[in-house]
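1. Mind looking at a prediction? Sequence and model below.
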Amino acid sequence: MRVATVLGNRPQFVKAAAVSGPLRERHEELLIHTGQHHDTQLSAVFFEELGLPAPEYSLEISGGSNSSQLGRMVVALAPLLAELAPDLVLLYGDTNSTLAGALAAADLGTPVAHVEAGMRAFDRSLPEERNRVLTDQLSQLLLCSTRSAAAQLALERTPGRTVVVGDVMVDVAYATRERALARTQTLERFGVGPGGYVLVTAHRAANVDDPAALERLVALLEAVGGNLLMPVHPRTRERLERHGLYARAAKAASLTDPLGYLDFAALLCHARAVLTDSGGVQKEAYLAGVRCVTLRESTEWTETVDAGWNTLVGLDAGAAVAALARPAPAQRPALWGDGHAGAAVVAALEDYAAG
Ligand code: UDP
């Protein structure tokens with residue numbers, strides 16, 4: 001089987017790292033990097049650390065508005081996929097690269113497999129939610145992290161075949177857990193000790209694109225106080241600088257460049273708590289047994305909230321302070337499989353190809 005994998009940003013490199021290995025043992029995979037995240041800190045370091053093979057094709061498309069980026073990606077992907085003639089196009093998550101891959105493949109009549117299908121935050125104002133819903137509609141094979149995601153697809157009468165495979169990010173978190181826990185030199189580098197800091201990430205459009213929201217984010221960090229360590233996404237850094245908020249943020253939190261997967265995992269598993277608007281980080285905090293406070297009004301990872309490990313606070317500083325003060329629950333049920341989702345994805349692709 002020849003599989004063309006289309007990806008382009010940080011969380012997708014992590015997800016693909018769980019699948020590319022088992023896939024390439026038996027099949028041909030061609031990795032197409034759209035270029036959505038292109039710098040070393042958001043891209044190359046993940047290929048190096050997680051053993052993801054170098055992309056066979058790099059489209060170098062980034063920047064611009066959502067619509068322009070999506071359009072340029074579709075225009076570049078359509079002829080490339082036509083030339084490569086894969087049996088299947090494999091997509092991850094909820095980014096512009098995901099939806100562009102689905103649109104280009106659909107136009108050629110090439111089957112699409114979508115990993116992380118059926119996740120919903122039930123908020124169509126989020127670009128990620130629109131990307132998820134539309135990609136699911138265009139996919140022949142819907143590979144779900146959870147049974148509730150599969151049930152959601154059934155409710156929406158999504159036409160493709162649904163298979164619950166578990167969550168591929170869990171594979172990577174489990175495979176790197178020992179290395180992350182032992183990586184205490186990362187904590188030393190930032191002058192923090194286990195349990196002595198809160199790890200912060202924020203880059204969602206709703207929190208950083210609007211200057212008023214960005215100011216609320218900074219005010220929230222000021223209100224939380226204490227030892228905050230924040231690897232700053234380039235998008236967030238650019239907005240902080242543009243709106244004259246960088247100095248205030250740097251006073252409220254210790255700011256650093258985005259980190260590679262292992263350094264970030266080391267800081268996450270030793271943190272007192274995590275404050276984030278990321279999707280993947282909510283999940284990783286749960287896996288590491290670290291309380292998460294989420295800077296969003298909704299989440300697609302609702303199980304973490306139901307289990308009491310994650311609290312949604314939006315940009316409400318008082319709610320964030322209260323949530324961070326709450327103790328972690330005693331129970332932490334396994335939610336997304338046993339760390340073998342990558343192999344389950346490959347098995348599902350083979351079943352599909354066999355008809
Ligand atoms: N991550 C990282 N370094 C950082 C921040 C995040 O390696 O400085 C990893 C994190 O462990 C997770 C992924 O990047 O695996 C999440 O990416 P992001 O928050 O950009 O995307 P989302 O999950 O919100 O789509």
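-> Now that the structure is in, tell me what you want to look at.
2. Just to check, residue 228 is in contact with residue 196?
-> No - counting by CB atoms under 8 Å, residue 196 is not a contact partner of residue 228; they are 11.2 Å apart. From N, CA and C alone the C-beta is placed, and that goes for glycine too.
3. out of those two, which sits in the busier spot?
-> residue 228 (18 against 14; other CB atoms under 10 Å).
4. Please name the bridge partners of that one.
-> Applying DSSP bridges to residue 228 gives these bridge partners: residue 198.
5. residue contacts, it?
-> Residue 228 is in contact with 197-198, 200, 221, 252-254, 275, counting by CB atoms under 8 Å, 6 or more residues apart in numbering.
6. any idea how far the ligand is from it?
-> Separation of residue 228 from the ligand (CB to the nearest ligand atom, to the nearest Å) stands at 14 Å.
7. Give me the pLDDT value at that residue.
-> On the pLDDT scale, residue 228 is placed at 98.
8. Residue 355 now?
-> Value listed for residue 355 in the pLDDT field: 86.
9. ok, how many other residues are close to it?
-> Neighbours around residue 355, by other CB under 10 Å: 4.
10. ditto for residue 186
-> 18.
11. Buried residues, the helix or strand where it lies. List them.
-> Per DSSP states H and E: residue 186 is located in helix 184-189. For helix 184-189, a neighbour-count test (16 or more other CB atoms under 10 Å) marks 186-187 as buried.
12. so after whichever helix in the chain runs longest, what's the next helix or strand?
-> As assigned by DSSP state H, the longest helix anywhere in the chain is helix 66-84. Sequence-wise, the next helix or strand downstream of helix 66-84 (DSSP H and E) is strand 88-92.
13. what angle sits between that following strand and helix 66-84?
-> 150 degrees (axes from the mean of the first three to the mean of the last three CA atoms, to 10 degrees).
14. Could you list every helix and strand in contact with strand 88-92?
-> strand 2-7, helix 10-26, helix 96-108, strand 112-115, helix 341-354 (3 or more CB pairs under 8 Å, 6 or more residues apart in numbering; DSSP states H and E).
15. Just say which of the ones you listed is most tucked in.
-> Highest mean neighbour count among the helices and strands packed on strand 88-92 (mean count of other CB atoms under 10 Å): strand 112-115, with a mean of 27.
16. Give me the nearest residue to residue 106, chain neighbours excluded.
-> residue 138 (4.7 Å; CB to CB, 6 or more residues apart in numbering).
17. List, one by one, the residues from this protein near the ligand.
-> Within reach of the ligand by CB under 6 Å from any ligand atom, the chain has these residues: 10-11, 14, 201, 231, 258-261, 264, 278-281, 284.
18. on that earlier part again, is it correct that the residue nearest to residue 106 is in contact with residue 107?
-> No - Residue 138 lies out of contact with residue 107 (CB under 8 Å); the separation is 9.7 Å.
19. still on that earlier bit, in contact with the residue nearest to residue 106, which residues?
-> Per CB under 8 Å, 6+ apart, neighbours of residue 138: 102-103, 105-106, 112.
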